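When you get a sec, could you give me coordinates for this:
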Amino acid sequence: MTLAKIKDSDYLYSTSRVRSIEKHMLTHERAEKMIEAKSLEDALRVLDDCYYGYGNESAELSNYETLLSEEHKKTYDFIKSVAPDVEHFNIFLYPYDYHNLKVLMKNEYMNKDETDTLVDTGSIDLKVLNHALKERSFSDLTDNMGKALKEIIEDFPKTRDPQLIDIILDRYCFDEMLKAAEKTKNKFIIEYVKMQIDSINVKTYVRLRKMNKSWDFFTKVFLQGGKIHEHVFIKNYDEPFERFAEQLLAYDFKDEFFEGYEALTETGKFTRLEKLLDNKLMEHVKSAKYVPYGIEALAGYLIAKDNEIKIARIILAGKTAGISPELIRERLRETYV
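Predicted structure coming up:
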């Protein structure tokens, strides 16, 4: 599909709308207030002050996932209502489409019923996805989705390894996101997708090496399209992590990797490394706040809201489980505002 040529000036109105509602977002101070709240109800009250969901007060406290899902859908509905061309924003919906395809394929092949984990905020309606899989007719899906499903249908029976479903769908998902990003011809969005791919590859690289998995397995799960080429990972696979970190200097990931790896060595946990890499991505996203008007403002807001909802989920899950404020803070990512 050829996207219409949209000028930055076409985003004047939508940028002003985004800027007007950014002030309701979850700030660091509001997140702290949630963490320190005496009860789940008090924590949820902070989200109420941020105008979360559709104002449905009858929702049960324990079912905060409904509130978060509502906020997610509300965010995308808002962008659809103000964006000059909504096609440009499907890129941020594709991960939810591919998540749904993972669930549906595993339900079919593994005799599982995990339909409660399906999300209704993808670019393609769940009914359409279900029908496509049932009929094995993929014309209503994107080309990449169709190719991914055909590959799974052909290869899965040979191994019956559920991990294969994840590997294939992740590969096609990020390929589709990068293609969509490049169609926008927008440096901010292209850079975001490439940084996301690099971040995932670095996390995967460290995890697989700590699990003593072979470089051959790494090549199967490696995502193409990032700035850090596959050979940078492979040639250092059997070398000390310090040598790999030096290679990351050229890609501006060295400091995050060193600090995260030190924490991993001391604690055995990946939490610090993953948090630092995610914060690095958020640093890039924050640059959208300084663009007077343009697609960056809307894209930045969308990504930031996704991040914000994840932060809210971590805090609420922690409060429900009785986890200490200190441990909750360890897992939190940077906020956008």
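
Would you confirm that residue 337 contacts residue 21?
No: using Cβ atoms under 8 Å, residue 337 makes no contact with residue 21, being 10.9 Å away. The C-beta positions use only the backbone N, C-alpha and C, and glycine is treated the same way.

quick one: low-confidence parts of the stretch 151-300 of the chain?
By pLDDT under 70, the stretch 151-300 of the chain contains no weakly predicted segment.

Show me where the stretch 201-337 of the chain has its helices.
215-221, 230-234, 241-247, 254-267, 271-286, 295-321, 325-331 (DSSP state H, counting those that start in this stretch).

Would you mind pulling the contact partners of the fourth one?
Surrounding helix 254-267, the residues in contact under the criterion Cβ atoms under 8 Å, 6 or more residues apart in numbering are 202, 206, 210, 241, 244-246, 248, 269-277, 279-280.

end to end, how far does stretch 23-41 reach?
The first residue of stretch 23-41 is 23 Å away from its last residue (Cα to Cα, to the nearest Å).

mind checking the SS state of the residue nearest to residue 67 when sequence neighbours are not counted?
Sequence neighbours aside, residue 53 is the residue nearest to residue 67 in space, at 4.6 Å (criterion: Cβ to Cβ, 6 or more residues apart in numbering). When classified by DSSP: H, G, I helix; E, B strand; the rest coil, residue 53 comes out as coil.

Can you tell me how far residue 53 is from residue 65?
11 Å (Cβ to Cβ, to the nearest Å).

out of these two, which sits in the more crowded spot?
Applying other Cβ atoms under 10 Å to residue 53 and residue 65 shows that residue 53 carries more neighbours, namely 21 against 13.

Could I get the contacting residues of that one?
Contacts of residue 53 by Cβ under 8 Å, 6+ apart are 47, 59, 66-67, 70-71, 74.

need these in TSV with pLDDT and distance to residue 289, can you?
TSV is the format used below for the contacts of residue 53 (pLDDT from 0 to 100; distance: Cβ to Cβ, whole Å):
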residue	pLDDT	distance to residue 289
47	94	22
59	52	31
66	88	30
67	91	26
70	90	25
71	94	20
74	94	21
